[in-house]
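Colleague: The following block contains a protein sequence and its predicted model.
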2 protein chains.
Amino acid sequence: MTQELTDLARLCVHTITTKPWPIEKAAQEYAAAGIGGITVWRDALAGRNIPQTGNLIRGLNLEIVSLCRGGFFPAQTQVARQAAIDDNLKAIDEAAALGAPLIVLVCGADPGQSLTESRKQIQDGIAACLPYAEAARVKLAIEPLHPMYAGDRSAINTLAQANNLAESLNSPWVGVAVDVYHLWWDPDLENQIKRCGKNKNLSAFHICDWKTPTLDMLNDRGLMGEGCINLKQIRGWVETTGFTGYNEVEIFSNIYWQQDQHQFLEKIKEAYLRDS
Amino acid sequence: MTQELTDLARLCVHTITTKPWPIEKAAQEYAAAGIGGITVWRDALAGRNIPQTGNLIRGLNLEIVSLCRGGFFPAQTQVARQAAIDDNLKAIDEAAALGAPLIVLVCGADPGQSLTESRKQIQDGIAACLPYAEAARVKLAIEPLHPMYAGDRSAINTLAQANNLAESLNSPWVGVAVDVYHLWWDPDLENQIKRCGKNKNLSAFHICDWKTPTLDMLNDRGLMGEGCINLKQIRGWVETTGFTGYNEVEIFSNIYWQQDQHQFLEKIKEAYLRDS
């Protein structure tokens, strides 16, 4: 049996979850709510002095869990692939400046070429960034994305693929981000989570829920408990590997973004304690 | 290299593809276009004398490839599960009356229970229908559905799962329907198609394309060549197993359903010869 969550110490919220709030407001609200961690999306840093923003967040006793997101490596031209690598190096600089120990990678896919080719380019792209990541002491976490994003967002669509890739790159600066939204359906999920933990690649755990019906392929994620994901069971599998990191709430939702964000944060806290 | 398609003899069109046409019109148009086969959706038979409709279709020299669809076995109560089985027995009666040798199963999923439970109920449901299917000489084809339908349409989401299930049921009256829309993203697809063929379970092959972006999770399938599926490669894998059945065009599309269906059928023929 998975142990119940009784406090918010291991709760982390992604800034994208409360997208209408600027990052300063989000950090203040998360801290005031007793939430332990924050994952910062790059768009939230636009126009900010990044080291100062990092200090502001830490001054509120919030832990910076990760920076979202790098990746998007595949492209049909060498020039475009190099531009993607350069952008990832920039993300590593930003993570280091912010004081984020981890960057989540949405690996990318180019619908104009085969998945096999995109997958090879992802491996090459991550490998090209690794020396820079190591020098900056920033870890890169491969996030497998739901197969409905295989066309143009990620050619890495199962935890088995992410495990293969991480094991092949074989670096302490590469890990895997497990997101229940992308992976909940996989009949091999328990085994692959075990494998991921055993190989010390389980670097992040993202939670939300899958609604039926889902009204939008990108921006209709549910609050924990609102959908059909057996979240406690999956969290149990993750914790059985020894994972003691944050449970990161990452919800893209046209519905929730239109609501009062303070009330939404209250709902997140309740759902976290009750249904996660 | 996959051999090019040079005629329409192995082209089959699903009645749902040209949904605005009543079945009589669809059959006449398919036959006049030189198309070899038709797969009949159950809704198209509403209010018809089924044996007469079968005769009408055969009289046009169209082969009836399959009846779509049975399945939807999982449910939280015994009464609802029995109702699902009863409806599948009715579908078997309809297939026999129509003269369709195969029923495609969309296996179902109940978001109120675990995928593990739904999967068990699917196996039990198919097993319960098998004696009736055998007596009617109608084969049941398990169609794995894209993981984006795991919430409420099918808990069978990979070809590996469908192969496991078919092999476990181990009957000449159970097979598998391979649909590129559901399976194209799977890194294990080539292996699983080989396995499916080797075990004599490859009973149907459905084609269309995956568009980027996809505007609707159900009804925005693309015409062959309009999306990112490497269709010729997958057809090659299917044919390497010895499969000589129909290439069945199954397109749900709010866009195409709004167009002139005669012109749409012309586009299907062109796309079939050029991009399938």
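Modeller: Sure, I can see it.
Colleague: pull the longest strand from chain A.
Modeller: Of all the segments assigned as strand in chain A under DSSP state E, the longest by residue count is strand A:63-71.
Colleague: So which residues of the stretch 101-250 of chain A form strands?
Modeller: The residue ranges that make up the strands of the stretch 101-250 of chain A, judged by DSSP state E, counting those that start in this stretch, are A:102-106, A:139-143, A:174-179, A:202-207, A:247-249.
Colleague: With mean pLDDT and distance to chain B as extra columns, can I get the ones you listed in JSON lines?
Modeller: Glycine gets a C-beta too; all of them are placed from N, C-alpha and C. What follows is those, written out as JSON lines (pLDDT from 0 to 100; distance: least, Cβ to the nearest Cβ, whole Å):
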{"stretch": "strand A:102-106", "mean pLDDT": "98", "distance to chain B": "15"}
{"stretch": "strand A:139-143", "mean pLDDT": "98", "distance to chain B": "14"}
{"stretch": "strand A:174-179", "mean pLDDT": "98", "distance to chain B": "13"}
{"stretch": "strand A:202-207", "mean pLDDT": "98", "distance to chain B": "16"}
{"stretch": "strand A:247-249", "mean pLDDT": "98", "distance to chain B": "20"}
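Colleague: Kindly reformat those strands as CSV containing mean neighbour count.
Modeller: Written out in CSV, the entries for the strands of the stretch 101-250 of chain A read as follows (neighbours: other Cβ atoms under 10 Å in any protein chain shown):
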stretch, mean neighbour count
strand A:102-106, 26
strand A:139-143, 26
strand A:174-179, 26
strand A:202-207, 24
strand A:247-249, 25
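Colleague: just to revisit the earlier point, what's the mean pLDDT across the longest strand of chain A?
Modeller: Strand A:63-71 shows a mean pLDDT of 98 in the predicted model.
Colleague: got the buried residues for stretch A:36-55?
Modeller: Residues of stretch A:36-55 classed as buried under the neighbour-count rule (16 or more other Cβ atoms under 10 Å in any protein chain shown) are A:36-42, A:44-45, A:48, A:50, A:53-54.
Colleague: Check which helices and strands the helix or strand that the longest strand of chain A is followed by sits against.
Modeller: Using DSSP states H and E, the helix or strand that follows strand A:63-71 towards the C-terminus is helix A:78-98. In this structure, helix A:78-98 packs against helix A:50-59, strand A:63-71, strand A:102-106, helix A:115-136, with contacts taken as 3 or more Cβ pairs under 8 Å, 6 or more residues apart in numbering or on different chains; DSSP states H and E.
Colleague: how about the residues of the stretch 101-250 of chain A near chain B?
Modeller: Proximity of the stretch 101-250 of chain A to chain B is assessed by Cβ under 8 Å from any Cβ of the partner chain, with A:111-112, A:114-115, A:119, A:146-148, A:150-152, A:157-158, A:160-161, A:184-187, A:210-214, A:217, A:227-228, A:230, A:233 identified as the residues in range.
Colleague: Would you list the buried entries among the residues you listed?
Modeller: Neighbour-count burial (16+ other Cβ under 10 Å) applied to those gives A:111, A:115, A:119, A:146-148, A:150-152, A:157-158, A:160-161, A:184-187, A:210-212, A:214, A:217, A:227-228, A:230, A:233.
Colleague: can you dump the C-alpha coordinates of stretch A:148-161 into CSV?
Modeller: Coordinates of each C-alpha in stretch A:148-161 appear next as CSV, following Å, rounded to 0.1, in the frame of the first residue of the first chain:
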residue,chain,number,x,y,z
MET,A,148,-0.3,11.2,-29.2
TYR,A,149,2.6,13.6,-29.4
ALA,A,150,4.8,11.3,-31.5
GLY,A,151,4.0,13.4,-34.6
ASP,A,152,5.7,16.6,-33.7
ARG,A,153,6.6,16.8,-30.0
SER,A,154,8.5,13.7,-29.0
ALA,A,155,9.7,10.6,-30.7
ILE,A,156,10.3,9.1,-27.2
ASN,A,157,7.0,7.8,-26.2
THR,A,158,7.4,5.1,-23.6
LEU,A,159,9.4,4.7,-20.4
ALA,A,160,11.2,1.7,-22.0
GLN,A,161,12.5,4.0,-24.7
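Colleague: and it, how far out from the chain's middle?
Modeller: Its chain's average C-alpha position is 14 Å from that of stretch A:148-161, according to Cα atoms, centre = their mean, to the nearest Å.
Colleague: Any regions of the stretch 51-200 of chain A where pLDDT drops low?
Modeller: Applying pLDDT under 70 to the stretch 51-200 of chain A flags no residue at all.
Colleague: mind listing what the residue positioned nearest the centre of chain A touches?
Modeller: With distances taken as Cα atoms, centre = their mean, chain A has A:V104 as the residue nearest its mean C-alpha position (5.1 Å). The neighbours of A:V104, taking Cβ atoms under 8 Å, 6 or more residues apart in numbering or on different chains as the test, are A:39, A:66-71, A:141, A:143, A:177, A:204.
Colleague: got the contact list for A:P144?
Modeller: Neighbour list for A:P144: A:154, A:156-159, A:161-162, A:176, A:179, A:182-183 [criterion: Cβ under 8 Å, 6+ apart].
Colleague: And these, which is closest to A:E266?
Modeller: Proximity of those to A:E266 was ranked by Cβ to Cβ; the top entry is A:D179 with 23.3 Å.
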